[in-house]
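**Q** Provide a 3D model corresponding to the input given below.
(chains A and B)
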Amino acid sequence: MLPKLKPITIKERFSLLFLERGELDVIDGAFVLVDKNGVRMQIPVGGIACLMLEPGSRVSHAAAVLAAQVGCLLIWVGEAAVRLYSAGQPGGARADRLLYQAQLALDDEARRKVVRKMYEMRFNEKMSEDYSVEQMRGIEGSRVKKLYGLLAKRAGVEWNGRCYDYTDWDSGDLQNKCLSSATSCLYGVTEAAVLAAGYSPAIGFIHTGKPRSFIYDIADLFKFETVVPVAFQVAAKNPSNPERAVRVACRDVFRETRLLKKIIPAIEEVLAAGGLSIPEEPPESLPPAIPNERGLNDAGHRP
Amino acid sequence: MMLVIVLENTTPRLRGRLTLWLLEIRAGVYVGEYSVKVRDMIWKNVETEFNDGNIQGSAIMIWSARNEIGFDFKVLGENRRIPREMDGIKLISFMPETKVEE
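**A** Sure thing, here's the model as predicted:
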């Protein structure tokens, strides 16, 4: 018997892969995409943070099991890589991390500290203790507007502001479309990392009320150094297939900025700014009957 | 660090297993880039399959290393080429063909 499959850490993987048209299946233990002509493509699923499944793909039961065993997040996306659903590596495997995150979000002071830390990391400068969350949000709003303008100018594209209609993909201009595709790549990778680290995508600090609020919080820490410049550069070249060009460029910039090595430490850093410690198990709690195995995985992966 | 595995005459399930982390660029030739921990985990898969018996073939793993020649390797299974260490440098001895008894 071959050894039991275990996930490896997110930082060892490459970011994402888009698959369309074909059936994902398992043949001789390999994760393969079989197209209608019978051509097989082996996917190194254990070495990928997340797989983006586009319209036209089908997933067999065995393939979903294998993806879950090696800790690869499957994300079903619609037109222009807009996320619809994800599975394969469900979150919530670590009660201590979830309680820690929830405790930070519930405690007013801790939440403010986390939010301040997030802004400080984004703008690379200290925020005065006197600022309220609303004030920091105001500062952020104006800076982000300026940053968009600046990065667009640097890439040599026109910029009339971030505007898009999420119900109608074709209504936006090229710059905004490229930005939407690029941010969706970033969100995919961030979601894989947040889940792998054992946190909830829904409990956000700056963003709230969305199923992926925390993903937006964390992705924003990296957005302006990764996907925004990339989206504008691609838009400036006006390629025939902008979505593909954006993906390729995103993957390059993720590698250059070593994004997958940075996301989980960044999550720990912003949460640590809240000044609370990860809750200990109460003394009367019952330890698991079968102890958890230790693998090469991140804390949130199911071993 | 970059790593290459070459399998000869092994089982389909081992070959399939390795494609979960590595690219099979030719039959039995796998490439990837991973840390020492992951490399050991991948090699463990190969070893386990060989220890189970029923494999006549062989396996090698080569990876880039910080030594004088810049790489290192491991072998498993029967082969006419056998690594020999000469003052800290690994070389290969090529065994003469053995006559098969009729």
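**Q** Who are the contact partners of the residue most central in space within chain B?
**A** Closest to where the C-alpha atoms of chain B average out (CA atoms, centre = their mean) is B:Ile60, at 1.2 Å. Listed by CB atoms under 8 Å, 6 or more residues apart in numbering or on different chains, the contact set of B:Ile60 reads B:5-6, B:73-76. (C-beta placed from N, C-alpha, C; glycine too.)
**Q** same thing but at 10 Å, please
**A** Applying CB atoms under 10 Å, 6 or more residues apart in numbering or on different chains, one finds that B:Ile60 lies in contact with B:4-8, B:46, B:73-77, B:79, B:81, B:83.
**Q** repeat for A:Asp217
**A** A:114-115, A:118, A:190, A:194, A:201, A:203-208, A:267, A:270.
**Q** Those residues of chain B touching chain A, which are they?
**A** Residues of chain B that fall close to chain A, judged by CB under 10 Å from any CB of the partner chain: B:11-24, B:30, B:32-35, B:37-38, B:40-42, B:44-49, B:52.
**Q** Which residue ranges of chain B form helices?
**A** Counting by DSSP state H, one finds helices in chain B at the ranges B:12-18, B:36-51.
**Q** Minimum distance to A:Ile278: which of these has it?
**A** helix B:36-51 (24.1 Å; CB to CB).
**Q** for the record, mean pLDDT for that closest one?
**A** The average pLDDT within helix B:36-51 is 94.
**Q** Could you show which parts of the stretch 1-150 of chain A are in contact with chain B?
**A** The stretch 1-150 of chain A comes close to chain B at residues A:1-3, A:5-6, A:8-9, A:11-14, A:26-32, A:42-48, A:66, A:69-70, A:72, as judged by CB under 10 Å from any CB.
**Q** which residues touch the residue lying closest to A:Ala102 once chain neighbours are set aside?
**A** Spatial nearest neighbour of A:Ala102, excluding adjacent residues (CB to CB, 6 or more residues apart in numbering or on different chains): A:Ile203 at 5.9 Å. A:Ile203 makes contacts with A:98, A:101-102, A:104-106, A:213-214, A:217, as judged by CB under 10 Å, 6+ apart.
**Q** how about a cut-off of 8 Å?
**A** A:98, A:101-102, A:105, A:213-214.
**Q** can you put the contacts of A:Asp217 in a markdown table and add pLDDT and secondary structure?
**A** Below are the contacts of A:Asp217 laid out as a markdown table (pLDDT from 0 to 100; DSSP: H, G, I helix; E, B strand; the rest coil):
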| residue | pLDDT | secondary structure |
| --- | --- | --- |
| A:Val114 | 94 | helix |
| A:Val115 | 93 | helix |
| A:Met118 | 94 | helix |
| A:Thr190 | 94 | helix |
| A:Val194 | 92 | helix |
| A:Pro201 | 91 | coil |
| A:Ile203 | 94 | coil |
| A:Gly204 | 94 | coil |
| A:Phe205 | 94 | coil |
| A:Ile206 | 92 | coil |
| A:His207 | 91 | coil |
| A:Thr208 | 89 | coil |
| A:Ile267 | 95 | helix |
| A:Val270 | 95 | helix |
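**Q** Drop anything exposed from these.
**A** A:114-115, A:118, A:190, A:194, A:201, A:203-206, A:267, A:270 (16 or more other CB atoms under 10 Å in any protein chain shown).
**Q** pLDDT score assigned to the residue in the stretch 51-200 of chain A that chain B sits nearest to?
**A** For the stretch 51-200 of chain A, the residue closest to chain B is A:Val70, as judged by CB to the nearest CB, at 5.9 Å. Note on A:Val70: pLDDT of 91.
**Q** separation between the residue lying closest to it once chain neighbours are set aside and B:Arg17?
**A** Among residues not flanking A:Val70 along the chain, A:Gly46 sits closest, at 3.8 Å (CB to CB, 6+ apart). Counting by CB to CB, to the nearest Å, the separation of A:Gly46 from B:Arg17 is 10 Å.
**Q** just A:Tyr216 next, same as before
**A** Going from A:Tyr216 to B:Arg17 by CB to CB gives 37 Å.
**Q** Neighbour count: the two, which is higher?
**A** More crowded of A:Tyr216 and B:Arg17, by other CB atoms under 10 Å in any protein chain shown: B:Arg17, with 23 against 19.
**Q** Help me confirm that the more buried one comes into contact with A:Pro3.
**A** No: using CB atoms under 8 Å, B:Arg17 is not in contact with A:Pro3, being 9.0 Å away.
**Q** How about the secondary structure of A:Phe31?
**A** Here A:Phe31 is strand, with the state taken from DSSP: H, G, I helix; E, B strand; the rest coil.
**Q** gap between it and A:Ser15?
**A** Noted for A:Phe31: a distance of 17 Å to A:Ser15, by CB to CB.
**Q** A:Asn160 too?
**A** According to CB to CB, A:Asn160 stands 30 Å off from A:Ser15.
**Q** Name the residue in the two with the higher neighbour count.
**A** It is A:Ser15, of A:Asn160 and A:Ser15, that has more neighbours when counted by other CB under 10 Å, with 23 against 10.
**Q** Show the contacting residues for the residue nearest to A:Val70.
**A** Counting by CB under 8 Å, 6+ apart, A:Gly46 touches A:5, A:7-8, A:70-72, B:20-21.
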